[in-house]
Every structure is written in C-alpha cells, then in structure tokens.
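> structure for this input, please:
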Amino acid sequence: MALQIRLGGYFRGSEQFATQVVEDVSAGHGRVGKHRKHPGGRGLAGGQHHHRINMDKYHPGYFGKVGMRHFHLTKNQYHCPTMNVDKIWTLVPEADRAAVAGAVPVIDLTRHNVTKLLGKGRLPSVPFIVKTRLISRKAELKIVEAGGKVELVA
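Purely as a prediction, here's the structure:
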C-alpha cells in the first residue's frame, strides 16, 4: 500500500484530510494510462485533428479567414475622431457660456482633436460658429437651423 502523509490532525473513520500519495509505484497516475510527457501535443496542437471537438464547441470561428487582405495597411490614414452635435456645448466651459450671452461663441473643434462633426442629438437654439475639418449634412443642417454657421478648416 502507498505511504500517506498526514497534513494536520489524525486519521479517523470517514473524516477527510489532505493526503498525498508518496512512494507508490505509479504515484496516483495509474499503471495502464501512465503519466507521460505531452500526450496530446503542446499548446493548441491538434485543433483541426484530435482536439477538433473542443475547438468547434468552445472556440467557434477560430480557424479560417474573413474579409479582404490589405497589404501595408496604415491605420492613421483612416484616423478620424468624431463628435456628435449634442455634445458640442460640453466644449464650452460653464463660465464662458454666461459670458458670451450677447456675442456669438466660436467653437473650434480642431483644437479639441475632433476631425468630423456628426448630426446625432438636439441643439439649443443659440447661434454659434463651428470650425471643423469635416461635417455631415445632418450636423450642418441642425447648426444652421439653430442660427449658427459652419466654417470648414483645411
């Protein structure tokens, strides 16, 4: 029989104690199957072969291709931070809003790292001037309806 190490307490009937099998022939790994080095292969080996069921069940879509390849893709070419019309007044501090009650405020989106203005949301009917590089039709329409003006900056 295997030599057992008791970790705390004495052995009594059906009480469970943490035991460790030591000096046993197979050390708990069985005589037939044995504990060999990497029986299934290392890592994700066999994902399309002997581990296929696991991959299909728990990782669908792991293998295969989607879409077109774009060689030498430079993502900064498509970098275009956007903002919606309903958030535009958050760029003007509260103190300045009261101060420009008589004058028409100028909101320069290029200084706030916004490239394009989009038309989601509602605007208060207060006239103001917006400076931006790009703008959608809806956004421009809403600003003009509120009594404002759009200036495109290169």
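
> mean confidence for stretch 66-82?
For stretch 66-82, mean pLDDT is 93.

> what's the end-to-end length of that stretch?
End-to-end distance for stretch 66-82, by Cα to Cα, to the nearest Å: 27 Å.

> helix or strand right after the one helix or strand Ala95 maps to?
Take DSSP states H and E as the rule and Ala95 turns out to sit in helix 94-99. Using DSSP H and E, the helix or strand that directly follows helix 94-99 along the chain is strand 106-108.

> so how far is that next one off the chain centroid?
32 Å (Cα atoms, centre = their mean, to the nearest Å).

> buried set for that strand?
For strand 106-108, a neighbour-count test (16 or more other Cβ atoms under 10 Å) marks Ile107 as buried. Placement of C-beta: from N, CA and C, glycine included.

> give me the sheet partners of it and which way each runs.
Using DSSP bridges, strand 106-108 pairs in its sheet with strand 129-132 (parallel).

> now the element after the strand it pairs with, going C-ward?
That would be, after strand 129-132 and using DSSP H and E, strand 134-135.

> pairing partners for that next one, with directions?
Sheet pairing for strand 134-135, assigned by DSSP bridges, gives strand 116-118 (parallel).

> may I see the buried residues of the partner strand?
Using 16+ other Cβ under 10 Å as the test for burial, strand 116-118 gives Leu117, Leu118.

> just give me the longest helix of the chain.
The residue-count maximum for a helix in the chain (DSSP state H) belongs to helix 137-145.

> right, and the helix or strand after that one?
Scanning onward from helix 137-145 (DSSP H and E), the first element met is strand 149-152.

> in its sheet, which strands sit next to that following strand, and in what direction?
For strand 149-152, using DSSP bridges, the partner strands are strand 129-132 (parallel).

> let me see the mean pLDDT of the partner strand.
For strand 129-132, mean pLDDT rounds to 96.

> what lies in contact with it?
Residues from elsewhere that reach strand 129-132, judged by Cβ atoms under 8 Å, 6 or more residues apart in numbering: 88, 104-110, 114-117, 143, 148-153.
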